[in-house]
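>>> Here's my sequence, what's the structure:
(3 chains)
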Amino acid sequence: MNTIFEIETRGQGPYEFTRDAARWVAGADVDEALLTLMIRHTSASLLIQENADPEVQTDLTNFFARLVPPTTDPAMSYLTHTYEGPDDMPAHIKASLLPISLQIPIIDGRMSLGTWQGIYLFEHRDRPHRRQVAALLR
Amino acid sequence: MNTIFEIETRGQGPYEFTRDAARWVAGADVDEALLTLMIRHTSASLLIQENADPEVQTDLTNFFARLVPPTTDPAMSYLTHTYEGPDDMPAHIKASLLPISLQIPIIDGRMSLGTWQGIYLFEHRDRPHRRQVAALLR
Amino acid sequence: MNTIFEIETRGQGPYEFTRDAARWVAGADVDEALLTLMIRHTSASLLIQENADPEVQTDLTNFFARLVPPTTDPAMSYLTHTYEGPDDMPAHIKASLLPISLQIPIIDGRMSLGTWQGIYLFEHRDRPHRRQVAALLR
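Model (predicted):
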């Protein structure tokens, strides 16, 4: 069983889609399975992180913005792939540092997530994008 | 087939559980399968790394402690999610940089690991924790 | 169904093997499945990244070389696992920051990759190596 989740983004940061994933898994009516999610892009990531305090998401976005600043920052002047804008190559780098795919065991028909774990698409580009996440349940 | 591994930690760093995983896989008596391990927390990670020289584990811990210092460090003063202590938000960041889940092919009834590969839970919090790793064999 | 891909490397950077993976998947003649790739080493990684512009790969290599410089760099003098050379411990660190394994949904008999996504082995050592990637299709 497979599907594509489409997620609209409006700038850098995490976008939660835990409920969409949970609803799709519930509809599959399986007892034990493996859920695989894979992002079909090279400038956005997937992530499982805390979904209780929104400050965690803000702090994560700010940490990665400082670890990999835009190419307008003199510290990044060695980067050459810049023609799509100052957030272009940093987005590819962040997409290498953060997960491309997630694997979640389905036990007793539900995702075996911890209490505070939410599923996020992490956007690394500034402009709005429509992102695709391939999902497979087996 | 599924289980939960419980791993007790006493401060930051990697804790190996390769033998526990290997024993469980051996008990399953399967020829070819996929082992998925997923950590059910947002402030600890999973990792496959060298298990020959303990200096590798110490160096890894020190690298990540410098890349993401505690929030008592002035360089991290922009972080806002700090009420659980100076190791709180850095733990979430490290848990985003290191793997949430591991997938290990089982071939001829055994994990297809390389000679020096060990399986670790990587703790990012200072205080002792009891961590859960969901395991699925399919 | 499983196999081992062998990939020869000549220094740090990404080595694409998308076509080898696609050819093997096509030969398996499955409709829906999960492809798992796992590297059997602790000083090289796997990565899905843009395969259109080679500048992306050069920039990625340079970013990681600056984030984790060789142990000849005074900034890395705290590292202790150095007896295999100045690229030894940095390779283990990069192998912790970049993916160990990749999971790619197979839909309608093909890898469900986005338009610009290529599959790479990312070498972190300077000297030539022959690397093994375990592949499982289920």
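
>>> Just the buried positions in stretch A:42-57, please.
Using 16 or more other CB atoms under 10 Å in any protein chain shown as the test for burial, stretch A:42-57 gives A:42-51, A:53, A:55-57. In this view, the C-beta of every residue, glycine as well, is placed from N, C-alpha and C.

>>> can you check stretch A:60-69 too?
A:Leu60, A:Thr61, A:Asn62, A:Phe63, A:Phe64, A:Ala65, A:Leu67, A:Val68.

>>> Does chain B have contacts with that stretch?
Yes - Stretch A:60-69 reaches chain B (CB under 8 Å from any CB of the partner chain) through A:Leu60, A:Asn62, A:Phe63, A:Arg66, A:Leu67.

>>> quick revisit: please convert the buried residues of stretch A:60-69 to JSON lines, extending it with secondary structure and pLDDT.
Listed next are those as JSON lines, based on DSSP: H, G, I helix; E, B strand; the rest coil; pLDDT from 0 to 100:
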{"residue": "A:Leu60", "secondary structure": "helix", "pLDDT": "98"}
{"residue": "A:Thr61", "secondary structure": "helix", "pLDDT": "98"}
{"residue": "A:Asn62", "secondary structure": "helix", "pLDDT": "98"}
{"residue": "A:Phe63", "secondary structure": "helix", "pLDDT": "98"}
{"residue": "A:Phe64", "secondary structure": "helix", "pLDDT": "98"}
{"residue": "A:Ala65", "secondary structure": "helix", "pLDDT": "98"}
{"residue": "A:Leu67", "secondary structure": "helix", "pLDDT": "98"}
{"residue": "A:Val68", "secondary structure": "coil", "pLDDT": "98"}
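
>>> on that earlier part again, mind telling me the two of the buried residues of stretch A:42-57 farthest from one another?
A:Thr42 and A:Asp53 (29.7 Å; CB to CB).

>>> Name the residue most distant from the centre of chain A?
Distance from the C-alpha centroid of chain A peaks at A:Pro74, with 27.8 Å (CA atoms, centre = their mean).

>>> ok, now how distant is that residue from chain B?
Separation of A:Pro74 from chain B (CB to the nearest CB, to the nearest Å): 18 Å.

>>> can you give me the strands for chain A?
Using DSSP state E, the strands of chain A run over A:2-10, A:13-16, A:33-39, A:44-50, A:101-107, A:110-111, A:117-123, A:128-137.

>>> from the chain's centre, how far out does the second one sit?
Per CA atoms, centre = their mean, to the nearest Å, the displacement of strand A:13-16 from the mean C-alpha position of its chain is 7 Å.

>>> What's the mean pLDDT across that strand?
Per-residue pLDDT over strand A:13-16 has a mean of 98.

>>> Take it, keep the C-alpha atoms, and write them as CSV.
What follows is strand A:13-16, C-alpha atoms only, in CSV (Å, rounded to 0.1, in the frame of the first residue of the first chain):
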residue,chain,number,x,y,z
GLY,A,13,11.1,25.5,9.2
PRO,A,14,9.3,22.3,10.2
TYR,A,15,5.7,21.5,9.1
GLU,A,16,3.9,18.8,11.1
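
>>> Residues of chain A that sit close to chain B?
A:32-34, A:47-50, A:53, A:55-56, A:58-60, A:62-63, A:66-67, A:97-99, A:102-105, A:107, A:112-114, A:116-117, A:138.

>>> Run through the residues that contact A:Ile7.
Contact analysis of A:Ile7 by CB atoms under 8 Å, 6 or more residues apart in numbering or on different chains lists A:Tyr15, A:Phe17, A:Leu121, A:Arg130, A:Arg131, A:Gln132, A:Val133.

>>> Any figure for the gap between it and chain B?
18 Å.

>>> where does chain A have low pLDDT?
Counting by pLDDT under 70, chain A shows no low-confidence range.

>>> residues from it in reach of chain C?
Counting by CB under 8 Å from any CB, the residues of chain A close to chain C are A:1-2, A:34, A:36, A:38-42, A:67-68, A:78-81, A:89, A:92-93, A:95-97, A:99-101, A:103, A:132, A:134-136, A:138.

>>> which of those residues count as buried?
A:2, A:34, A:36, A:38-42, A:67-68, A:79, A:81, A:89, A:92-93, A:95-97, A:99-101, A:103, A:132, A:134-136, A:138.

>>> dump the residue contacts of A:Pro86.
Contact analysis of A:Pro86 by CB under 8 Å, 6+ apart lists A:Pro70, A:Thr71, A:Thr72.

>>> Which of those residues are buried, as a ChimeraX select command?
In ChimeraX, a selection of the buried entries from those looks like this (16+ other CB under 10 Å):
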select /A:70,71
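
>>> With distance to A:Ala22 added, can I get the contacts of A:Pro86 in a markdown table?
What follows is those, written out as a markdown table (distance: CB to CB, whole Å):
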| residue | distance to A:Ala22 |
| --- | --- |
| A:Pro70 | 35 |
| A:Thr71 | 38 |
| A:Thr72 | 40 |
